[in-house]
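Undergrad: quick one, what's the 3D model for this:
(2 chains)
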Amino acid sequence: EAGVAQSPRYKIIEKRQSVAFWCNPISGHATLYWYQQILGQGPKLLIQFQNNGVVDDSQLPKDRFSAERLKGVDSTLKIQPAKLEDSAVYLCASSFGGGGNEQYFGPGTRLTVT
Amino acid sequence: AQKVTQAQTEISVVEKEDVTLDCVYETRDTTYYLFWYKQPPSGELVFLIRRNSFDEQNEISGRYSWNFQKSTSSFNFTITASQVVDSAVYFCALWTYSGNTPLVFGKGTRLSVIA
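TA: Numbers count the residues shown, from 1 in each chain, chains lettered A, B, ... in the order given. All right, here's what the predicted structure looks like:
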């Protein structure tokens, strides 16, 4: 069974530029998550989708971050404009259901903002 | 509020030693799940175990074992006869039933196993 796919793996941009990340979850997983992991910290949830609807985006900086999950499968996370403090690893995860189901993570995208 | 504390920032052991990673959690909820994830240098978090709050039985899986004690709000993870491949950052995480809260992670413990 294929795991969670993410691209790109690495991205370097200058501040004020925009960037987009892509995620393809495990087939059949209705719930998709985007996390931000700053160096030395645990992952922090940015947004959770159930199919193509948003369940939780309370920690998403909506003035610069946006995410969508069209057709309830793939998802993209965008940052526009980027700030230095956005440098982090962005992890996508999926699970069969929400709640306390185990989540399966992709390899992440390491973003560096200069 | 939900909180997970992993007090050990870094641990270094020699191969074949046993090592225990500590996890202490805080929640007022009576229904919750606890998790352990492994993050090797490749960056991908690997699911290791999920335990619900009503099941305090200890679990063993090969060289891995977990000790869940509600009385001390701890969910500790022991690796027996450690190997170099066990070198990674290990995260403990908590999900609580009420309030539709997200999965809350600790800051992780970096384990280095030296040959």
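Undergrad: would you state the strands of chain B in chain order?
TA: B:3-5, B:10-14, B:19-21, B:24-26, B:32-39, B:46-52, B:59-61, B:64-69, B:74-79, B:88-96, B:104-105, B:109-114 (DSSP state E).
Undergrad: the first one - which strands sit beside it in the sheet, and in what orientation?
TA: To tie it back to what came earlier, the one meant is strand B:3-5. According to DSSP bridges, strand B:3-5 forms sheet pairs with strand B:24-26 (antiparallel).
Undergrad: now do the buried residues in the strand it pairs with.
TA: B:24, B:25 (16 or more other CB atoms under 10 Å in any protein chain shown). Where C-beta positions appear, they are placed from N, C-alpha and C, glycine not excepted.
Undergrad: sorry, back to before: rank the strands of chain B by pLDDT, which is bottom?
TA: Within those, confidence is poorest for strand B:59-61, with a mean of 91 (mean pLDDT).
Undergrad: for the residue lying closest to residue A:23 once chain neighbours are set aside, name its beta-bridge partners.
TA: Residue nearest to residue A:23 in three dimensions, not counting chain neighbours: residue A:92, with 3.5 Å by CB to CB, 6 or more residues apart in numbering or on different chains. Here residue A:92 sits in beta bridges with residue A:34, going by DSSP bridges.
Undergrad: contacting residues around residue A:92?
TA: A:4, A:6, A:21, A:23, A:25, A:32-35, A:75, A:77, A:105-106, A:108 (CB atoms under 8 Å, 6 or more residues apart in numbering or on different chains).
Undergrad: could you count how many residues lie near the closest residue to chain A within chain B?
TA: Nearest to chain A in chain B, going by CB to the nearest CB, is residue B:105, at a distance of 2.9 Å. Residue B:105: 22 surrounding residues under other CB atoms under 10 Å in any protein chain shown.
Undergrad: hmm, it is touching residue B:92, no?
TA: Yes. Taking contacts as CB atoms under 8 Å, residue B:105 lies within contact range of residue B:92: 7.4 Å.
Undergrad: joint contacts of these two?
TA: In contact with both residue B:105 and residue B:92: residue B:4, using CB under 8 Å, 6+ apart.
Undergrad: sorry, back to before: tell me the most buried of the strands of chain B?
TA: strand B:88-96 (a mean of 24; mean count of other CB atoms under 10 Å in any protein chain shown).
Undergrad: quick one: strands adjacent to it?
TA: strand B:32-39 (antiparallel), strand B:104-105 (antiparallel), strand B:109-114 (antiparallel).
Undergrad: and the longest one, how far from the chain's centre?
TA: When C-alpha coordinates are averaged (CA atoms, centre = their mean, to the nearest Å), strand B:32-39 and its chain have centres 6 Å apart.
Undergrad: contact partners of it?
TA: A:100, A:102, A:105, B:23, B:25, B:45-53, B:66, B:68, B:75, B:77, B:88-97, B:103, B:105, B:108.
Undergrad: can you tell me which residues in chain B are near chain A?
TA: Residues of chain B lying near chain A by CB under 8 Å from any CB of the partner chain: B:4, B:32-33, B:35, B:37, B:42-47, B:50, B:52, B:91, B:93, B:95, B:97, B:100, B:102-103, B:105-108.
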